[in-house]
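Student: predicted coordinates and the sequence they were generated for:
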Amino acid sequence: MTKIDFSVGSLSSWLAKVVPDAGPIAEVARFKGGQSNPTYLLDMQSGRKLVLRRKPFGDLLKSAHAVDREYRVQKALAQTDVPVAPMLALCDDESVIGSMFYVMDHVDGRILWDPALPEQSKADRGKIYVRMAETLGAIHRVDLTETGLDGFGRPGNYYQRQISRWGRAYRETATVERPEMDWVMKWLEETSCPADDRVTLVHGDFRLDNLIFATGSTQVLAVLDWEISTLGHPFADISYQCMQWRLPQGGAFPGLVGLDRTAHGLPSEEEYLAMYCRAAGISEIPHWPYYIAFNCFRMVAILDGILHRIKQGTAADPDRGREMGKVIPDLLAIAMQQINSFK
C-alpha cells in the first residue's frame, strides 16, 4: 500500500453523516495494483473495515472511471446470485476528497493473481475454475428488469459500439505508432459482427484477480472492478477471460502458454468453455476467433490508455502499468492470428 492523497478529516466528516455506525477512521491506506480507480482501505476505530474507490484526479476521458456506475450495478446485484461487496454510500460532491467516490464494506478473503494457481492444490485448481465459470454464468443470467438494470446501457450493436468507443479513445491518446493496431482496428470496423442479438449484463474485466475467494475454500465471495460493466453481449466477457490461455506465463499479465494444464489440474480452453456454457445455459459459442480478436484490440486500447496516464502523471500505479504495457505486442500478434483464422 502507498500514501493517501486526500483529506482524511473531510472524509471522516462525510462518513459520520452517511455511515454513522461505521465510527471514526483509525487509518487509511491505498491499495497497490489497480490501474483505473484508486482504491483505499479504511480501518475504523471500531475494528470495522471499509473500502473507498474514487475517480482519479485530473483530466479524464468522457465516460471513463465511472464509479457511480460501479456503485449502481453492485447495489443492484446485492439480491442476486452474483457475489458482490455490500455497498454503503456514493458521494458525487467533489469537494469532500477531490473527486467522486463510493464506500463499501471490506470483504475478507484472498485474491489469486496467477491463473496457473501455483499455491493451490491440484484438486482446488480445477474447483476454482469451475467457480469462476459459474460466477460468470450467474452474471450473464441476471434478470435485467428485476434488478432495475434494464437501462444500464444501450441494447444492441454492442461490439460495434465498443469498437467505436475504444478505437476513438486509442486514436485520441495513442502513445506510439502501432501499424498492427491500425490494421486490427480497420478489420474490426469493416467486418460484419457475427454476434446474435442477445443482451445481458457484462462485467467487462472478468478475470481471476478481480474475484475474492474465501480463505480456505474455493467459494467466490465477491466480484470486483465493475467500472466498465454495461449491457452487452456475453461472449465478450468469456472470450476476454480466455485470452489468458494464449498469453505467456509470468509478468504483470500472466497467462498459461507452455504450461502442462492436465498435469497441473487446470482445464483446457475447450473444457473451460464447456463449464461456462453449462453455467450460462447455452450450448456453444460460434465464431470464437472474432471475439478473441475483439478483446485483444480492446485490451491494447486500455493498456495504451494506462501508458498515456503514466505520461500525464495520473496513473494509479505507474510501475505496474508499464509492466502491463509490455504485453501489447503479444495481444496484437494474437489478434492478427485470430483474424487470419476467422471464417
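Tutor: All right, it came through fine.

Student: residue ranges with poor pLDDT in this structure?
Tutor: For the chain, applying pLDDT under 70 flags the ranges 1-3, 33-35, 57-65.

Student: change it to 50
Tutor: 1 (pLDDT under 50).

Student: ranges for the helices of it?
Tutor: 8-18, 67-76, 122-140, 158-173, 179-190, 235-241, 261-264, 269-280, 288-312, 318-325, 328-341 (DSSP state H).

Student: let me have these in JSON lines, adding mean neighbour count and distance to L41 as columns.
Tutor: C-betas here are computed from N, CA, C, even on glycine. Formatted as JSON lines, these follow (neighbours: other CB atoms under 10 Å; distance: least, CB to CB, whole Å):
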{"stretch": "helix 8-18", "mean neighbour count": "14", "distance to L41": "13"}
{"stretch": "helix 67-76", "mean neighbour count": "20", "distance to L41": "16"}
{"stretch": "helix 122-140", "mean neighbour count": "20", "distance to L41": "24"}
{"stretch": "helix 158-173", "mean neighbour count": "18", "distance to L41": "30"}
{"stretch": "helix 179-190", "mean neighbour count": "15", "distance to L41": "37"}
{"stretch": "helix 235-241", "mean neighbour count": "24", "distance to L41": "27"}
{"stretch": "helix 261-264", "mean neighbour count": "12", "distance to L41": "33"}
{"stretch": "helix 269-280", "mean neighbour count": "17", "distance to L41": "32"}
{"stretch": "helix 288-312", "mean neighbour count": "22", "distance to L41": "22"}
{"stretch": "helix 318-325", "mean neighbour count": "16", "distance to L41": "18"}
{"stretch": "helix 328-341", "mean neighbour count": "18", "distance to L41": "31"}
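
Student: how about JSON lines for the ones you listed, with distance to T218 added?
Tutor: What follows is the helices of the chain, written out as JSON lines (distance: least, CB to CB, whole Å):
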{"stretch": "helix 8-18", "distance to T218": "34"}
{"stretch": "helix 67-76", "distance to T218": "22"}
{"stretch": "helix 122-140", "distance to T218": "4"}
{"stretch": "helix 158-173", "distance to T218": "31"}
{"stretch": "helix 179-190", "distance to T218": "36"}
{"stretch": "helix 235-241", "distance to T218": "17"}
{"stretch": "helix 261-264", "distance to T218": "16"}
{"stretch": "helix 269-280", "distance to T218": "13"}
{"stretch": "helix 288-312", "distance to T218": "26"}
{"stretch": "helix 318-325", "distance to T218": "27"}
{"stretch": "helix 328-341", "distance to T218": "29"}
